[in-house]
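K.L.:
Fold the following.
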Amino acid sequence: MYIPEFASEMLKKLNSAGFSAYLAGGCVRDGVMGNCPHDYDITTSASPEEIIALFGVHCCKAYGRAFGTVGVSYAGGFAEITTFRTEGSYHDRRHPSDVQFTSDILEDLSRRDFTWNAMAYHPEEGLLDPFGGREDLQTRTLRAVGVPQTRFQEDALRVLRAMRFMSRFGFVAEPMTDAAMRAEAGGLAFISAERLFSELCGILMGKYAASVLLTYPHILSVFIPEIRPCIGFSQHSRHHDFTVWEHISRAVGAAPALLPVRLAMLMHDIGKPVCYTNDARGGHFKRHADVSADLADRILLRLRCDNALRKQVVRLIRYHRDIPTTLPKVRRLLGELGGDYDLLMEVLRADHLSKKRGEPEHDTRPETARQLGEYCRKEGLCCELSQLALKGDDLAAMGFSGKEIGQGLRLLLEAVTAGFCQNDADALTNYLRKIMK
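P.N.:
Numbers count the residues shown, from 1 in each chain. Alright, predicted model coming up:
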C-alpha cells in the first residue's frame, strides 16, 4: 500500500532505533480498500518516553501519554504514535480502568474493535492480519475481534461505530456480531450525549444510511426513544406504502449528504403517531409537522446539538408540510428562511421520493416551489426586510417610532410579497400612509 514520505520516515526512524513499528488501524483499512487515508496512526514497541526522546520534545505533543499515545510532527507530516498495549476492565462501558504496555503487537491488535481495524502494515514485512480483516473487507463483512459480546460490553459506543461503518461502506454484520450489537445496545445509556450525537451524525451521512436505519431502529431508540412509536406504525394512506419508520429511513437515504437535511429527514415525521386519526378516507396526521419539530427540538437539546444547527433543523421540519406553489407564498418563505430555502427544497424532494414503492406519485409541487424560488432570485424580487426600498430611518422621518417602525416595515414587506404594492420608495410611502390612517 502507498505510504506517504513522512510516515515512511517515522517508521524508519523507529526501526533504526531498534523498535518494532507498523502502520495500524484506519489508515491500513482504507489503504487495503484502495481509499486515500485521511490520517495515519503508527503502533510501536517504543514507550511514550522513548518516542519523545527519539523524535525530540519540540516535535511531540504527549496528549495521550497515559494511554501510550504521542502526537508527532516530523518530515512535513503528522501521525499519532501509540505504544503496543493491552487494557484492563472497562469500568464505565467506555474507558479501560488501566492500560499496560506490551512488546507484542498481536496482543495490541487483539484489543481492537473490528477485524479490519486490527490489521497492521510494514513496508518490508507487508500486511499483518491475524483476524482475517482483509477477507472481511472483500466480502463487506463487519466482524468483531474475538468474542463480539465482550467487545461491546467493554465499550458500548462500538455499537454505534459499527453502524457508522456499515452506513459508510455498506458492510453487513455477521450473525454473532449482529446479535451482540442488539444485546448490548442498552450500554449506550452510559455514553455521553456529545459522543452519541457525533456517531449519529456519522451514521446519517453515510451512503448506506437508509439500510442501517431500517435494520437497527431499536438500537437508536435507546437514546432516541421517540423513535419507538414510529416502528411498524402503518400510515393507512393511499399516499404512503410504508410504515412511518420505513418512510423516515428511506427519506434519509433519498436526501443529499447535507447534515441539516439528513437530521431533518430523521425527525420530520417523528410526531406522526401522536397526531394520527382515521376516518373513511384513511389515516390523517394533522399538525404533525409542528409536533415533529417540537420533538426534534427536545431531542437535539438532549443530544447537545449546537444551537445554530438545532434551530436550522427544527425550522426545516416545521416548514416541510406545506409546499408553496404561488409566487407570494414563495416570496414570503424566502424571506423567512433565507439560504435555508434551498435546504427545504431538498427536504421536500426527499420526502416525496420516499413515499411509494417504485416510481413516486406524480406531484409537481416540489419542483414548482424550487423553480419559483430560482425565479425570485434571478429577478431580484423583494423577499426580505433588507430588500425593501424604505428603511427604518425613512419611517422614523415619517413620524414612526419604537415598535411602530418594525411593524410598519413588516406590513410593507407583506404588501410587496403579496403583490399589493410595488417595491419603490414612493409607492411604499403612499401605501403606508393609506393603511395607517
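
K.L.:
make it CA atoms for all contacts and neighbour counts henceforth
P.N.:
Will do.

K.L.:
Flag every buried residue along the host helix or strand of residue 293.
P.N.:
Per DSSP states H and E, residue 293 falls inside helix 288-302. For helix 288-302, burial by neighbour count (16 or more other CA atoms under 10 Å) applies to 288-297, 299-300.

K.L.:
mean confidence score for that helix?
P.N.:
Mean pLDDT, computed over helix 288-302, is 97.

K.L.:
Using CSV, write out every CA atom in that helix.
P.N.:
The C-alpha coordinates for helix 288-302 follow below in CSV (Å, rounded to 0.1, in the frame of the first residue of the first chain):
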residue,chain,number,x,y,z
HIS,A,288,-47.6,16.5,12.5
ALA,A,289,-45.0,18.9,11.2
ASP,A,290,-45.3,21.2,14.3
VAL,A,291,-45.4,18.2,16.6
SER,A,292,-42.4,16.7,14.9
ALA,A,293,-40.5,20.0,15.1
ASP,A,294,-41.1,20.3,18.8
LEU,A,295,-40.0,16.7,19.4
ALA,A,296,-36.9,17.3,17.3
ASP,A,297,-36.1,20.4,19.3
ARG,A,298,-36.2,18.4,22.5
ILE,A,299,-34.2,15.5,21.1
LEU,A,300,-31.4,17.8,19.7
LEU,A,301,-31.2,19.7,23.0
ARG,A,302,-30.9,16.4,24.9
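
K.L.:
C-terminal to it, what's the next element?
P.N.:
Per DSSP H and E, the first helix or strand lying C-terminal to helix 288-302 is helix 307-318.

K.L.:
And that following helix, how far out from the chain middle?
P.N.:
14 Å (CA atoms, centre = their mean, to the nearest Å).

K.L.:
what does it rub up against?
P.N.:
Applying CA atoms under 8 Å, 6 or more residues apart in numbering, the set of residues contacting helix 307-318 from outside is 260-261, 263-265, 267-268, 289-290, 292-294, 296-297, 300-301, 340, 343-344, 347.

K.L.:
Recalculate using a threshold of 6 Å.
P.N.:
Residues outside helix 307-318 that contact it (CA atoms under 6 Å, 6 or more residues apart in numbering): 260, 264, 268, 289-290, 293, 344.

K.L.:
And stretch 391-398, by the same measure?
P.N.:
The contact list for stretch 391-398 (CA under 6 Å, 6+ apart) is empty.

K.L.:
Name the residues of that stretch that are buried.
P.N.:
For stretch 391-398, using 16+ other CA under 10 Å, the buried residues are 392, 395.

K.L.:
And the furthest pair within the contacts of helix 307-318?
P.N.:
Within those, 260 and 290 form the most distant pair, 17.3 Å apart (CA to CA).

K.L.:
Low-confidence bits of the chain, can you list those?
P.N.:
For the chain, applying pLDDT under 70 flags the ranges 87-98, 437.

K.L.:
Relative to residue 36, how far out is the residue most central in space within it?
P.N.:
Note on the chain: the residue nearest the mean C-alpha position is residue 201, at 2.2 Å, using CA atoms, centre = their mean. In this structure, residue 201 and residue 36 are 22 Å apart, going by CA to CA, to the nearest Å.
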